[in-house]
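Enquirer: Got a predicted structure plus its sequence, pasted below:
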Amino acid sequence: MAVTPSPVLDSPMIPVRPWLPRVLSANAIFCSASGLLIAVAAGPAAAFLGAGTPPILRLVGLTLLAYGLALFALTRRGDGLRQLALVAATLDLGWVAGSAALLLGDWFPLTTAGRWAVIVVAEIVLLFALAQIVGRRSRTG
């Protein structure tokens, strides 16, 4: 029995999206979703983390949501993605540094779960920063 080529999988017409727009879009979605969750559930988030008051967390959530939506819109526009990736990676590295300062400075009585949440989110954000740097250096973007 002969194998026939798939018209979908073997088609040269299917574009392969470059790495950088996918990474920037994923970062935007993560920021937007996180921001929305924090803004909507600021009270429970403050209790879970043991950090800040609900109004402060709501402001952080709304800021993340606005940043995520802006990042997504700029990524969809498609202009200057390498510069956008540099800005996003720099902001992501700032988030990681701020997370480290929050953990090491002991400014808030974080719960154990709150400390782990800060660590896990910082690691995810660091991965986005590194992926954006790699995507920025790639010839195909």
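Expert: Here it is on my side, so go on.
Enquirer: sec struct for Gly52, please.
Expert: State at Gly52, reduced to three classes by DSSP: H, G, I helix; E, B strand; the rest coil: coil.
Enquirer: Look at the nearest residue to it once chain neighbours are set aside and tell me its secondary structure.
Expert: Nearest non-adjacent residue to Gly52, counting by C-beta to C-beta, 6 or more residues apart in numbering: Ala46, 5.7 Å away. C-beta here means a position set from N, CA and C on the backbone, and glycine is covered the same way. The three-state label given to Ala46 by three-state DSSP is helix.
Enquirer: and what of Arg136?
Expert: At Arg136 the chain is in helix, as set by three-state DSSP.
Enquirer: who's in contact with it?
Expert: Arg136 is in contact with 20, 82, 85-86, 89, counting by C-beta atoms under 8 Å, 6 or more residues apart in numbering.
Enquirer: which of the residues you listed tops the neighbour count?
Expert: Ala85 (25 neighbours; other C-beta atoms under 10 Å).
Enquirer: who's in contact with that residue?
Expert: 20, 23-24, 132-133, 135-136.
Enquirer: Now do Gly50 against Val60, distance only.
Expert: Separation of Gly50 from Val60 (C-beta to C-beta, to the nearest Å): 15 Å.
Enquirer: And Leu91, which helix or strand is it part of?
Expert: Using DSSP states H and E, Leu91 maps to helix 81-105.
Enquirer: buried set for that helix?
Expert: Neighbour-count burial for helix 81-105, counted by 16 or more other C-beta atoms under 10 Å, picks out 81, 84-85, 88-89, 91-93, 95-96, 99, 102-103.
Enquirer: Quick one: distance of that helix to the chain centre.
Expert: Relative to the centre of its chain, helix 81-105 is centred 10 Å away, using C-alpha atoms, centre = their mean, to the nearest Å.
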